[in-house]
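Q: Pasting a predicted model and its sequence here:
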Amino acid sequence: MIDTNTNILIGERVKLPTKYGHFELIPFQEKLNGIEHIALIKGNFVPNTTVLTRIHSACATGDLFGSLKCDCGDQLIAAMKLIESEGNGIIVYLQQEGRGIGLMNKMKAYKLQEEGMDTIQANVHLGFAPDERDYNIAAEMLSVLGIKKIKLLTNNPDKIIRLEKNGIEVVKRIPIIIPSNPYNKYYLNTKEVQMGHQLSEEKQKL
Ligand SMILES: Nc1nc2c(ncn2[C@@H]2O[C@H](COP(=O)(O)OP(=O)(O)OP(=O)(O)O)[C@@H](O)[C@H]2O)c(=O)[nH]1
Ligand SMILES: [Zn+2]
């Protein structure tokens, strides 16, 4: 483990062959609380170039179990496949389960959603902001790896604003749209209408 002059420790860089391509994995750990995050990397990053990047917030239900209630798992796989085909890029996988409220609270929010609330109302009912995430650590991970400029795979304009506030230049946004299903249609609609996510074809053209 190497100490950095930031808030994070950086671990061993190892090769990670996967179903979706050949990557390398670097673990990170926050000094303050021991929380671990992951950088999944393809290629070498030339200083001052713009790096294809996905900042992905952990979703145990979607990423691990293939839940149909959200689009997270498919977005993660799509990002891995795209980075593999480009031959260069990074996925910053952040332990920010439930938009930063943790799994226990996310399941409380899911319960409230089963009873009729939308994803925002549920968070607010539990005393949280609709999105409790902080991108400071993601920005530090990128800078430790020498990345300052990114092409970001996201549908979420707020993510761009928050990364830029933390000193990362988002040169371009690349949409990562997964077709909806009957179980996530309402959730994705709430994200589009109330959270400003750019999810429809029409908006992509603007
Ligand atoms: N609190 C809460 N969190 C959720 C819910 N559904 C998914 N999540 C979490 O939301 C996060 C993913 O956020 P999204 O808004 O889907 O996507 P995003 O990362 O902001 O935007 P993209 O880059 O476009 O994917 C993950 O941490 C999930 O665990 C929910 O109903 N309530
Ligand atoms: Zn999810």
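A: Okay, I see it. Bear in mind the structure is a predicted one, so any value in this text is a computation, not a measurement. Ligands and ions are numbered 1, 2, ... in the order given.

Q: near ligand 1 at all, stretch 149-158?
A: Yes: if you take Cβ under 6 Å from any ligand atom as the test, stretch 149-158 does meet ligand 1, through 154-156. Quick note: C-beta positions are derived from backbone N, CA and C, even for glycine.

Q: I'd like those residues laid out as JSON lines, including pLDDT, neighbour count and secondary structure.
A: Converted to JSON lines, those look like this (pLDDT from 0 to 100; neighbours: other Cβ atoms under 10 Å; DSSP: H, G, I helix; E, B strand; the rest coil):
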{"residue": "154", "pLDDT": "97", "neighbour count": "22", "secondary structure": "coil"}
{"residue": "155", "pLDDT": "96", "neighbour count": "24", "secondary structure": "coil"}
{"residue": "156", "pLDDT": "95", "neighbour count": "20", "secondary structure": "coil"}
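
Q: how about those in JSON lines, adding distance to residue 22?
A: As requested, the residues of stretch 149-158 next to ligand 1 are arranged in JSON lines below (distance: Cβ to Cβ, whole Å):
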{"residue": "154", "distance to residue 22": "24"}
{"residue": "155", "distance to residue 22": "27"}
{"residue": "156", "distance to residue 22": "28"}
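
Q: out of those, who's nearest residue 200?
A: Proximity of the residues of stretch 149-158 next to ligand 1 to residue 200 (Cβ to Cβ) peaks at residue 155, which lies at 9.8 Å.

Q: Do I have it right that that closest one meets residue 174?
A: No: shown here, residue 155 and residue 174 do not form a contact pair, counting by Cβ atoms under 8 Å, at 9.6 Å.
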